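structural data only, the sequence is not supplied:
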């Protein structure tokens with residue numbers, strides 16, 4: 001191989017690699033959704049299926065939003081949890097409403113706020129009404145007790161830690177303790193507060209988002225994590241109680257790319 005041909009070969013290889021990286025970061029990791037399934041149930045009977053959607057950062061309905069809704073409807077979960085940063089402007093609530101209407105109305109849904117609902121000065125009354133119209137309850141430092149297949153479940157929804165006024169003690173006021181207690185907290189760092197303030201409540205699961213899995217990572221290292229991430233990045237944290245799952249989420253923030261942190265929907269049997 002001549003030196004000219006060799007240089008051309010190397011150049012083409014470099015350009016191809018750059019192209020693949022751009023294609024991956026701008027398209028594959030943003031729009032090809034990882035569906036991650038976990039079974040943390042204590043027995044084989046009366047399992048409850050949960051779907052977690054987080055960090056939608058929705059602007060308009062895209063094909064992948066339709067595919068998410070279609071798969072949710074096919075899975076027929078008992079509960080859908082939307083754990084913050086769904087919209088960052090009031091005018092984007094319309095797109096969120098379109099997305100929610102794609103999901104079977106009969107599926108019970110619960111949502112919490114993220115930092116961008118506050119930073120974008122989103123009209124929370126309008127947001128709450130939109131959720132309500134789609135069989136979804138917005139929880140802001142409050143809880144609900146529900147029964148599914150003869151199992152009592154307590155759902156604790158905490159306001160955002162960074163943009164809002166997260167208050168675990170307020171969120172558990174008048175809480176009816178059950179055999180299954182699930183906490184929704186957008187910022188994973190708030191788990192450390194929960195651990196300190198928890199008053200003998202057996203929390204089975206904390207669901208968080210916010211980090212986007214780093215959104216752009218290099219060999220597993222995230223150069224930047226948003227405030228409120230703490231020592232958490234993605235996946236399971238079970239070394240200490242309460243156990244928590246941090247989802248990489250669906251949308252992007254600040255930069256419209258993902259690299260090494262593919263978009264994610266979480267399915268859990270509990």
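The structure has been received and is ready for your questions. Predicted model only: the values in this text are computed from it and were never measured.

C-alpha from now on. contacts and neighbour counts both.
Noted.

would you map out the domains in the protein?
As assigned by automatic domain parsing, the chain contains the domains 1-31, 33-269.

give the buried residues for stretch 122-134.
Neighbour-count burial for stretch 122-134, counted by 16 or more other CA atoms under 10 Å, picks out 122, 127-128, 130-131, 134.

could you do stretch 89-101 as well?
89, 92-100.

quick revisit: make TSV from the buried residues of stretch 122-134 and add pLDDT, secondary structure and distance to residue 146 to it.
Listed next are these as TSV, based on pLDDT from 0 to 100; DSSP: H, G, I helix; E, B strand; the rest coil; distance: CA to CA, whole Å:
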residue	pLDDT	secondary structure	distance to residue 146
122	98	coil	28
127	98	helix	22
128	98	helix	19
130	98	helix	21
131	98	helix	18
134	98	coil	18
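
for the most centrally placed residue in the chain, what are its contacts?
For the chain, the residue lying nearest the average C-alpha position, counting by CA atoms, centre = their mean, turns out to be residue 54 (2.3 Å). Each residue near residue 54 by CA atoms under 8 Å, 6 or more residues apart in numbering is listed here: 82-86, 208-210, 247-250, 265.

the residues you listed in strands, which ones?
Counting by DSSP state E, the contacts of residue 54 place 82-83, 208, 265 in strands.

ok, and the most crowded of these?
Most neighbours among the ones in strands among the contacts of residue 54, by other CA atoms under 10 Å: residue 208, with 33 neighbours.

which one of the buried residues of stretch 122-134 is nearest residue 230?
Nearest to residue 230, judged by CA to CA, of the buried residues of stretch 122-134 is residue 122 at 25.0 Å.

these two touch, right, the closest one and residue 86?
No. The criterion here is CA atoms under 8 Å, and residue 122 misses it with residue 86 at 10.4 Å.

I'd assumed residue 138 was in contact with residue 159.
No. Residue 159 is beyond contact range of residue 138, at 9.9 Å (criterion: CA under 8 Å).

list residues touching both of those two?
Applying CA under 8 Å, 6+ apart, one finds that residue 159 and residue 138 are jointly contacted by 112-113.

hey, where'd the helices end up in the stretch 101-250 of the chain?
115-119, 124-133, 168-171, 190-197 (DSSP state H, counting those that start in this stretch).

what's the local residue count around residue 38?
Using other CA under 10 Å, residue 38 has 12 neighbouring residues.

before we move on, what SS does residue 56 have?
Three-state assignment for residue 56 (DSSP: H, G, I helix; E, B strand; the rest coil): coil.

and it, how far is that from residue 208?
13 Å (CA to CA, to the nearest Å).

again, but for residue 31
In terms of CA to CA, residue 31 sits 21 Å off from residue 208.

just residue 233 next, same as before
10 Å.

swap in residue 78?
Distance of residue 78 to residue 208, computed by CA to CA: 19 Å.

can you list the contacts of residue 54 in JSON lines and add pLDDT and distance to residue 237?
Shown next, in JSON lines, are the contacts of residue 54 (pLDDT from 0 to 100; distance: CA to CA, whole Å):
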{"residue": "82", "pLDDT": "98", "distance to residue 237": "20"}
{"residue": "83", "pLDDT": "98", "distance to residue 237": "17"}
{"residue": "84", "pLDDT": "97", "distance to residue 237": "19"}
{"residue": "85", "pLDDT": "98", "distance to residue 237": "22"}
{"residue": "86", "pLDDT": "98", "distance to residue 237": "24"}
{"residue": "208", "pLDDT": "98", "distance to residue 237": "11"}
{"residue": "209", "pLDDT": "98", "distance to residue 237": "13"}
{"residue": "210", "pLDDT": "98", "distance to residue 237": "15"}
{"residue": "247", "pLDDT": "98", "distance to residue 237": "11"}
{"residue": "248", "pLDDT": "96", "distance to residue 237": "14"}
{"residue": "249", "pLDDT": "94", "distance to residue 237": "16"}
{"residue": "250", "pLDDT": "95", "distance to residue 237": "20"}
{"residue": "265", "pLDDT": "97", "distance to residue 237": "17"}
